[in-house]
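Asks: dropping the sequence and predicted coords here.
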Amino acid sequence: MKRRDFLGLGAALLPCSVLSQDEVGAMRFSSLRPGAPLPDWLEPYEFPNQPRHTQFTLVADDGRTVLAARASASSSGLVRRLRADPKRFPLLAWRWKVMNVPLKSDIATKAGDDFAARIYVIFDLDPATLSIGERMQLALARTIWGEKVPAAALCYVWDARAPAGTIVPNAYTDRVQMVVADSGSAGLGRWVSHERNFAADFRRAFGIAPPAASAVIVSADTDNTGESTESYFGDIEFKSPPPS
C-alpha cells in the first residue's frame with residue numbers, strides 16, 4: 001500500500017448484494033456486460049499525485065464478464081464500500097488471472113511495493129481499541145500520510161517471490177498486513193480460485209478478533225518499478241462456512 005494508497009473509512013457504506021443466506025456479493029463482475037461502463041458501486045480510487053492510472057475494463061473471458069486491469073508505470077484501484085460481518089461470513093472467495101508479475105517488485109521495500117493483482121479488505125476498527133503503542137504508531141502514520149490511513153486492512157496479493165501463505169506488514173505501515181495468496185510464475189496465464197478465511201487471517205495478522213469489513217478494493221500497480229502488467233479479476237464474495 002503506497003503512502004497515498006489509503007482508504008478513508010468515514011464515507012457512507014453500501015450493503016453487499018445478497019446472493020443467498022450463505023453468500024454476499026462484494027464485486028459481481030459476472031452480472032455486468034462486457035464493454036459496459038463501470039457501475040456506480042465501483043468507485044475509482046485514484047491518487048492526485050499519480051499522473052498514470054491503471055486501466056480497468058469489463059471484458060468477456062471463458063463465457064463470463066470479468067474485470068481486466070492493465071498497469072503501465074501506473075497505480076490506481078476500484079473501491080466497493082460495504083459492510084460484511086466476519087462472524088456470519090468469514091470466508092472471502094475470489095478468482096483472478098495474472099499474465100505477468102513485476103519482476104523488480106519486493107514486498108519488503110517501498111521501492112518494490114508493486115503487484116499485478118491486489119485485493120484489499122478494509123476493516124471498521126475503532127482506533128480507541130488499540131493499545132497505546134499502536135495508537136501512537138497510527139497517529140504518526142496519519143501525521144505523515146494523512147487521516148485516511150486505515151486502522152486495519154488486509155491486502156491479498158500475487159507476489160513475485162514471497163512464498164504463498166506469507167503474512168507480513170506493508171512496507172509503509174503495519175496497519176496494513178500483506179497476505180501472499182499466489183507467488184511467482186506458477187499459475188500465470190490461467191484462472192486461480194481462492195477461498196480464504198479472512199477472519200482467521202485478521203486474527204493471525206493483528207492478534208485480535210476482526211471487526212466488520214467496511215470496503216473491498218481491487219488494484220494493480222507498477223508505478224514504483226515502472227513495469228507493465230496485465231491481470232483479470234472474477235467475482236469477489238463473502239461466504240459462510242459449510243455446515244460441519
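Replies: That came through, no problem.
Asks: so where's the chain uncertain?
Replies: 1-23, 47-49, 125-151 (pLDDT under 70).
Asks: what helices or strands is the top strand by length along it leaning on?
Replies: Scanning the chain for the longest strand, with DSSP state E as the assignment, gives strand 228-239. If you count contacts as 3 or more C-beta pairs under 8 Å, 6 or more residues apart in numbering; DSSP states H and E, strand 228-239 packs onto strand 23-27, strand 64-72, strand 91-98, strand 115-123, strand 213-221. In this view, the C-beta of every residue, glycine as well, is placed from N, C-alpha and C.
Asks: so how far is stretch 45-60 off the chain centroid?
Replies: In terms of C-alpha atoms, centre = their mean, to the nearest Å, the centre of stretch 45-60 is found 15 Å from the chain centre.
Asks: now stretch 56-65
Replies: So, by C-alpha atoms, centre = their mean, the centroid of stretch 56-65 is 20 Å from its chain's centroid.
Asks: buried residues in the helix or strand where residue 201 lies, which are they?
Replies: Using DSSP states H and E, residue 201 sits within helix 198-206. Burial within helix 198-206, assessed by neighbour count using 16 or more other C-beta atoms under 10 Å, is assigned to 198, 199, 201, 202, 205, 206.
Asks: now swap in stretch 51-68 and tell me
Replies: Going by 16+ other C-beta under 10 Å, stretch 51-68 has these buried residues: 53, 54, 56, 58, 65, 66, 67, 68.
Asks: for the second one, what are its contacts?
Replies: Residue 54 is in contact with 69, 70, 71, 74, 75, 76, 77, 219, 220, 221, counting by C-beta atoms under 8 Å, 6 or more residues apart in numbering.
Asks: one more time with 7 Å, if that's ok
Replies: Contacts for residue 54 (C-beta atoms under 7 Å, 6 or more residues apart in numbering) come out as 69, 70, 71, 74, 75, 76, 220, 221.
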